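> need a structure here:
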Amino acid sequence: MKHSWILAAVLLTAACSPQIYPLYMDVRNPSPSGLDLSRKEISIVYRDGTNQVDSLFDRQAASSLARSLEEDYFGGEEKVGIYRLPEADTMSLDLMHSLVMDTGGDVVFVLKTHLGEPVAETNQTVKNATSVDSAFVCPVSVPVKTHLDVYDSMGKDKVHTYNGSAVLRTLVYNNGMLTQEALADKALRSLGSEAEIVGHRISNRFLSTWITESFSFYYFDYGRDSWIDGLLQVMDGKFAAAVDSWSGLVKKGSANQRACACYNIAQAFYLMEDYELSRRWLQEAEKLGELSLVPGLRKRLDAHLEKK
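Numbering: from 1, shown residues only. Got it, this is the predicted structure:
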């Protein structure tokens, strides 16, 4: 999770009453598609037909889509599996259920593209060509249609379908002796970078959106080092370390102080996008006392948990 913070000019303390410390952070929201992919395993399946050129393009586009999702949701780690599926007429729920089991993904993307008939333009002479085979260059346009089915096994039991189209342009270097048909065929077999562009464009619909929100934590003069340590860890984006700092305060002090420690832990788990643990700690805080910040966090949690 990205984070930023504004440090209060003066940190007020009191012996018994809690102080509220505000932090401003960029938090992950669902993608423009409406799907929330955070904290979920993702698999990408490309539908492999009889056309080798289309299959190669599908595999390259799927790899590009995987890299974009990994960069956003997994910090660049190779966490998205890529699988091949023989051509199927329709993507039924039963087939999606099987793919979830077979790939181990909570969310499964099934990609299919179709390359249209290439259109070769006029072959042009290359100035200062370095070889005979690159003495000419021919611009070629290739229409492409994309079909993507997405199934989130942790969401509603339905297949989400997305379609798109574009015209790809590539340059074919040649010796000036190739026919228009040969130029078109060579263009189809050299669309690697264009396939990567298509995969990246598809990913834009599924990447996280980020908004700046205010999050508040409690602070006491009692147990000062532990309270401050937790706040400093949150400022650095080290939410798990903040939980460790506040865990020692859960059984110390008054019921109100213990409730505040539980609330801070719940807030930290929320920022780690572990909404179930956040809810459990919030419930512990509510058992110990009434805190003014509890309703706000409960509302945020309900909004996330209702989507599951």
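> beta partners for Leu115?
Val144 (DSSP bridges).
> Just to check, it is in contact with Val140?
No. In this structure, Leu115 is not within contact of Val140 by Cβ atoms under 8 Å, at 11.5 Å. Bear in mind the C-beta positions are built from the backbone N, C-alpha and C, glycine included.
> In contact with the most centrally placed residue in the chain, which residues?
The chain has Tyr73 as the residue nearest its centroid, 3.9 Å off, counting by Cα atoms, centre = their mean. Counting by Cβ atoms under 8 Å, 6 or more residues apart in numbering, Tyr73 touches Leu37, Ser38, Ile42, Lys79, Ser208.
> can you pull out the strands in this protein?
19-29, 42-48, 81-86, 107-115, 119-120, 124-125, 136-152, 159-174, 209-219 (DSSP state E).
> Could you check the angle the longest one makes with strand 159-174?
Interaxial angle of strand 136-152 relative to strand 159-174 (axes from the mean of the first three to the mean of the last three Cα atoms, to 10 degrees): 170 degrees.
> helices or strands up against strand 136-152?
Helices and strands touching strand 136-152, by 3 or more Cβ pairs under 8 Å, 6 or more residues apart in numbering; DSSP states H and E, are helix 93-103, strand 107-115, strand 119-120, strand 124-125, strand 159-174, helix 180-188, helix 192-203.
> Kindly present these as CSV, with separate columns for mean pLDDT and distance to Arg280.
Formatted as CSV, those follow (pLDDT from 0 to 100; distance: least, Cβ to Cβ, whole Å):
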stretch, mean pLDDT, distance to Arg280
helix 93-103, 93, 27
strand 107-115, 94, 25
strand 119-120, 92, 60
strand 124-125, 93, 67
strand 159-174, 94, 31
helix 180-188, 91, 55
helix 192-203, 94, 34
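> if you compare the ones you listed, which one is most tucked away?
Stretch with highest mean neighbour count among the helices and strands packed on strand 136-152: strand 107-115 (a mean of 23; mean count of other Cβ atoms under 10 Å).
> And that one, how far out from the chain middle?
17 Å (Cα atoms, centre = their mean, to the nearest Å).
> for stretch 112-119, same thing?
Computed by Cα atoms, centre = their mean, the chain-centroid distance of stretch 112-119 equals 28 Å.
> what does stretch 211-223 rub up against?
Here stretch 211-223 has contacts from 4, 11, 13-16, 18-27, 29, 227-228, 230-231, 234, 248-249, 252-253, 257, 260-261, 263-264, 267, 271, 291, 293, 296, using Cβ under 8 Å, 6+ apart.
> same thing but at 6 Å, please
Defining contact as Cβ atoms under 6 Å, 6 or more residues apart in numbering, one finds that stretch 211-223 is touched by 13-15, 18-27, 29, 227, 249, 253, 257, 260, 264, 293.
> for stretch 154-173, same thing?
91, 96, 106, 134, 137-151, 183, 186-187, 194, 308.
> For the biggest helix by length in the chain, buried residues please.
Looking across the chain with DSSP state H, the single longest helix is helix 52-73. Under the neighbour-count criterion of 16 or more other Cβ atoms under 10 Å, helix 52-73 has 54-70, 72-73 buried.
> could you check the angle strand 42-48 makes with it?
Using the same axes, to 10 degrees: helix 52-73 against strand 42-48 is 170 degrees.
> pLDDT averaged over helix 52-73, what's the number?
What helix 52-73 shows for mean pLDDT is 93.
> same check, this time on stretch 265-274
93.
> what's it in contact with?
Outside stretch 265-274, the residues touching it (Cβ under 6 Å, 6+ apart) are Met1, Ser38, Arg39, Phe239, Ala242, Val243, Trp246, Leu277, Ser278, Trp281, Leu282.
> Would you mind measuring from the fifth one to Asp106?
What it means is Ala242. According to Cβ to Cβ, to the nearest Å, Ala242 stands 27 Å off from Asp106.
> same check, this time on the third one
Look at Arg39 and Asp106: by Cβ to Cβ, they are 9 Å apart.
> Thank you kindly, that will do.
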